[in-house]
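Engineer: With the input below, show me the fold.
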Amino acid sequence: MSRRPLGQLEAEVLAALAGLGGSARTAELVERLEGDPAYTTVNTILHRLYEKKLVSRTRAGRHYRYRLAVDESELVADRMREHLRHASDPGGVLNRFVQTLTDEEARQLRGFLDRPEDRG
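Structural biologist: You can find the predicted model right below:
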């Protein structure tokens, strides 16, 4: 099994947590993640996300239950903006991204772009 970059696993854990729509224990998240990551790895990621204030936690017996402490769409949008900021050709990156959109995603994007009053 190849190792994924730590940032990618953090993003996958956050997405899994968001997909559950509530709170989850480490073991529940391990079951939802691809590639069979170790329990201890996911637990470490959750601890780091807690320290970064991206998740909150509550004690549930001997374990914690974690929940998102931030809006997922804002988190992903910030990550996308950061990638664009570091690209040597942001326009090319956006073009490549748009080419990968499904018809429904493209329709939604067009709708957002056609309503400038909804931006910002």
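Engineer: how about the strands of the chain, start to end?
Structural biologist: With DSSP state E as the criterion, the chain has strands at 55-60, 63-68.
Engineer: Can you lay out those as a markdown table showing mean neighbour count?
Structural biologist: The way it works is simple: take the backbone N, C-alpha and C, and place the C-beta from them, glycine included. A markdown table is the format used below for these (neighbours: other Cβ atoms under 10 Å):
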| stretch | mean neighbour count |
| --- | --- |
| strand 55-60 | 14 |
| strand 63-68 | 18 |
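Engineer: Which residues are in contact with Lys53?
Structural biologist: Lys53 makes contact with Ala69, Val70 under the criterion Cβ atoms under 8 Å, 6 or more residues apart in numbering.
Engineer: For it, give me the backbone phi and psi.
Structural biologist: Main-chain dihedrals, Lys53, degrees, to the nearest 10: phi 60, psi 30.
Engineer: For the residue of the chain most remote from its centre, give me phi and psi.
Structural biologist: Residue distances from the centre of the chain (Cα atoms, centre = their mean) peak at Gly61, which lies 27.4 Å from the mean C-alpha position. Reported as degrees, to the nearest 10, the phi and psi values for Gly61 are phi 70, psi -130.
Engineer: roughly how far apart are it and Arg25?
Structural biologist: Per Cβ to Cβ, to the nearest Å, Gly61 is found 9 Å from Arg25.
Engineer: Could you do Leu46 as well?
Structural biologist: 10 Å.
Engineer: what's the overlap in contacts for the two?
Structural biologist: Residues touching both Leu46 and Arg25 (Cβ under 8 Å, 6+ apart): Tyr64, Tyr66.
Engineer: where along the protein do the helices fall?
Structural biologist: 6-20, 26-32, 39-51, 72-86, 90-99, 103-113 (DSSP state H).
Engineer: pLDDT weak spots in this protein?
Structural biologist: 1-6, 118-120 (pLDDT under 70).
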